[in-house]
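Visitor: heads up, no residue letters with this:
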C-alpha cells in the first residue's frame with residue numbers, strides 16, 4: 001500500500017506514528033526517502049483545527065481496518081485539501097504510517113477505495129451568486145448531502161438549511177456580503193436527501209466584486225462527528241449534574257487554589273452557608289476549633305496528599321449571611337472527604353470534596369457508647385468502663401509529680417432487706433439516690449461507677465497522700481448515710497467503705513479494687529459509714545505507697 005501511494009503521490013510526506021499517536025523516528029525498515037519524512041511532535045500540528053477530529057477518527061478506523069483515508073486541509077495551504085492516508089504497519093515495523101498526498105484533484109477519485117475504505121468525503125467547495133443560489137458544486141458536496149448535483153445547483157442554499165438554523169444562516173450571509181474577502185465561519189445543520197441531518201462548517205469568501213469571478217466561494221467541512229461528540233459530552237455533563245443534585249451529599253470541585261469550579265445545592269444545605277467562590281467562605285458556620293484542621297485537610301490534598309478525611313461540627317444556632325437564624329438547633333456533624341485529582345504526570349489539577357451529614361450516625365454511635373459504658377439504672381459507669389478509667393488514671397498519675405490515685409469502694413449495708421420488704425422498685429430507687437449522692441459528693445474530675453448490684457467505686461486522681469484519700473471517703477460517707485425516701489417508706493442508708501491509694505504508675509487496676517474491697521470488709525466492723533484504709537497490696541516499702 002505504501003509503495004502504491006508513493007508511486008501515485010511522488011511528493012508525499014510521510015510520518016511514523018506511535019501507539020500514543022505521537023510522531024516518532026521513521027524505522028529504517030520503512031522505504032521512505034529521508035527528504036519525504038515529516039519531523040513533527042504530532043501530525044495534528046499541520047492540520048486545520050476544524051479537520052483534526054476527522055483525523056482522530058481516521059486513526060481509530062485505521063487501527064481496526066488496517067488502512068483509512070480522508071481529505072483534510074493543512075495549515076500551510078488551507079485552500080487546497082489533500083488526501084491523508086493512514087496505514088497500520090505496527091506488526092511489521094512497529095508504527096502507524098501517515099501519508100499526506102498531493103492536492104486533491106479528479107485523479108484522486110479512486111484512491112480512497114484503493115486505501116481500503118469507502119468513506120464519504122468531509123471537505124467540499126461550492127460557488128454561489130449574490131442571492132445565495134448554488135451555481136457550481138464539486139463532486140464531494142452532493143455526496144456529503146446525499147443528493148445529486150442536479151438537485152443542488154440552481155437552488156437557494158437556505159432551502160437546504162435546517163429551519164431552526166435559518167436565522168443564523170441569514171445573519172452570517174448578510175454580514176459576509178458587507179465585507180469583501182473571507183467571512184466568518186458558521187456552523188449550520190443541512191438536510192440530507194434521505195431525510196437525515198448533517199452538520200456543516202461553512203466559510204464564505206466574498207469574490208462578488210472580483211473581475212471575472214462574480215460569485216461567492218464557500219469551503220465546506222462536514223463536522224457531524226464533532227458535533228455528535230459535543231452533544232454526547234453535553235449529555236454526559238447534564239447527567240453528571242443531575243446525579244450531583246440527586247445524591248444526598250454535598251459535592252464540590254476545586255482548583256488547586258481552592259476556587260470552587262462546581263458545587264451542588266446540597267453542599268450549601270449541609271454547611272448551612274450561602275454560595276461562594278472560595279471553599280473557605282463556606283466554612284463560616286464550622287465550629288472555630290474545627291476550622292483549622294478542616295482547612296489543613298484541604299491544603300494537604302492540593303499539595304500532595306491523595307486523600308484526607310475529617311469530621312467537623314456545624315453550628316446551627318449561628319446566624320446566616322442574611323441575618324436570619326439558621327433552622328435547627330445545636331450542632332450538625334459532618335464528614336468531609338477530600339480526594340486529589342491528578343493529570344497523567346501525577347501533578348495535582350484539583351480536588352473533589354464530599355460532605356455528608358452524619359449527625360444521626362454520630363448520635364447513634366454516642367448512644368451505643370453510653371449503653372456500653374454506663375449503667376442504665378444509675379447512669380454511673382459500669383464495671384468495665386470504671387476499671388478502664390482507673391487503669392488510665394494509674395498510667396497518667398506519674399505525669400503530675402507528688403500526687404497519686406485513690407479508689408473508694410462503697411458497699412451498701414442491709415440492701416437485701418429493702419428488696420425483700422419493699423420490693424425491687426424500692427431497691428432501684430435507693431440505688432438511684434445513692435448514685436446521685438455520690439455524684440454530688442465527688443470532685444468534677446472524679447469517676448463514679450457501679451461495679452456490682454449494690455457496690456460502687458469512686459476513682460479519684462491527683463490525690464497527694466493516703467490521708468487525703470481518707471478525707472474524700474469521709475466526705476462521701478457523710479453525705480451518703482442519710483435517710484432516703486423510696487416507694488413504700490423511708491430507708492436509712494448505711495454503707496461500708498474501703499479506700500486504696502497509690503502513686504505507682506505501674507499499679508494494676510484490679511489489684512487496687514481488690515485492696516479497697518478488702519478494706520471495705522474491715523470497715524463493716526469499724527462502724528457505720530466509717531472508711532477503712534487498705535493494706536499495701538503491692539508490697540512497696542515506699543512511704544508514699546498504698547496505705
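Guide: Great, that's in hand. None of these values were measured; they are calculated from a predicted model.
Visitor: rest of the way, CA atoms for contacts and neighbours
Guide: Fine.
Visitor: what helix or strand is the residue nearest to residue 301 when sequence neighbours are not counted on?
Guide: The shortest distance from residue 301 to any non-neighbouring residue, by Cα to Cα, 6 or more residues apart in numbering, is to residue 340 (5.4 Å). Element membership for residue 340, per DSSP states H and E: strand 331-342.
Visitor: now that strand: buried residues?
Guide: By 16 or more other Cα atoms under 10 Å, the buried positions in strand 331-342 come out as 331, 332, 333, 334, 336, 337, 338, 339, 340, 341.
Visitor: next, format the residues you listed as CSV and append pLDDT.
Guide: Below are the buried residues of strand 331-342 laid out as CSV (pLDDT from 0 to 100):
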residue, pLDDT
331, 88
332, 91
333, 93
334, 93
336, 93
337, 94
338, 93
339, 93
340, 91
341, 90
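Visitor: could you dump those residues to CSV with distance to residue 299?
Guide: Below are these laid out as CSV (distance: Cα to Cα, whole Å):
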residue, distance to residue 299
331, 25
332, 23
333, 21
334, 18
336, 13
337, 13
338, 10
339, 11
340, 10
341, 13
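Visitor: of these, which is the nearest to residue 240?
Guide: residue 341 (16.9 Å; Cα to Cα).
Visitor: so for stretch 23-39, mean pLDDT?
Guide: The average pLDDT within stretch 23-39 is 91.
Visitor: how far does that stretch sit from its chain's centre?
Guide: 46 Å (Cα atoms, centre = their mean, to the nearest Å).
Visitor: now swap in stretch 228-245 and tell me
Guide: 18 Å.
Visitor: kindly report the same for stretch 472-485.
Guide: The answer for stretch 472-485 is 58 Å, by Cα atoms, centre = their mean.
Visitor: ok, and what's touching it?
Guide: 408, 430, 433-434, 437-438, 441-442, 490-495, 497, 499, 529-531 (Cα atoms under 8 Å, 6 or more residues apart in numbering).
Visitor: which among those residues count as buried?
Guide: For the contacts of stretch 472-485, buried by 16+ other Cα under 10 Å: 408, 430, 433-434, 437-438, 441-442, 491, 493-495, 497, 499, 529-531.
Visitor: cross those against strands and list the overlap.
Guide: The strands, defined by DSSP state E, take in 408, 491, 495, 497, 499, 531 from the buried ones among the contacts of stretch 472-485.
Visitor: farthest-separated two in those?
Guide: So, those by Cα to Cα: farthest apart are 491 and 499, at 25.1 Å.
Visitor: what is the neighbour count of residue 77?
Guide: Per other Cα atoms under 10 Å, the neighbour tally for residue 77 reads 13.
Visitor: need phi/psi at it.
Guide: Taking degrees, to the nearest 10, you get phi -150, psi 70 for the backbone angles of residue 77.
Visitor: then residue 257?
Guide: According to degrees, to the nearest 10, residue 257 has phi -90, psi 0.
Visitor: now do the contacts for it.
Guide: With Cα under 8 Å, 6+ apart, residue 257 has these contacts: residue 302.
Visitor: the host helix or strand of residue 261 pairs with which strands, parallel or anti?
Guide: Using DSSP H and E, residue 261 sits within strand 260-263. Applying DSSP bridges, strand 260-263 is found paired with strand 250-254 (antiparallel).
Visitor: I'd like to check the angle between the partner strand and strand 331-342, please.
Guide: 40 degrees (axes from the mean of the first three to the mean of the last three Cα atoms, to 10 degrees).
Visitor: strand 250-254 - what's its average pLDDT?
Guide: 91.
Visitor: and the gap between residue 471 and residue 458?
Guide: 13 Å (Cα to Cα, to the nearest Å).
Visitor: more neighbours, the two?
Guide: Higher neighbour count among residue 471 and residue 458: residue 458, with 24 against 12, using other Cα under 10 Å.
Visitor: quick check: pLDDT value at that one.
Guide: Value for residue 458, per-residue pLDDT: 95.
Visitor: three-state assignment of the residue nearest to residue 73 when sequence neighbours are not counted?
Guide: Leaving aside its sequence neighbours, residue 73 sits nearest to residue 81 (Cα to Cα, 6+ apart; 4.5 Å). Classification of residue 81 using DSSP: H, G, I helix; E, B strand; the rest coil returns strand.
Visitor: surely residue 81 meets residue 123?
Guide: Yes: here residue 81 reaches residue 123: they are 7.4 Å apart, a contact under Cα atoms under 8 Å.
Visitor: ranges for the strands of the stretch 351-500 of the chain?
Guide: Secondary structure of the stretch 351-500 of the chain (DSSP state E, counting those that start in this stretch): strands at 404-412, 447-450, 455-463, 483-486, 489-492, 495-502.
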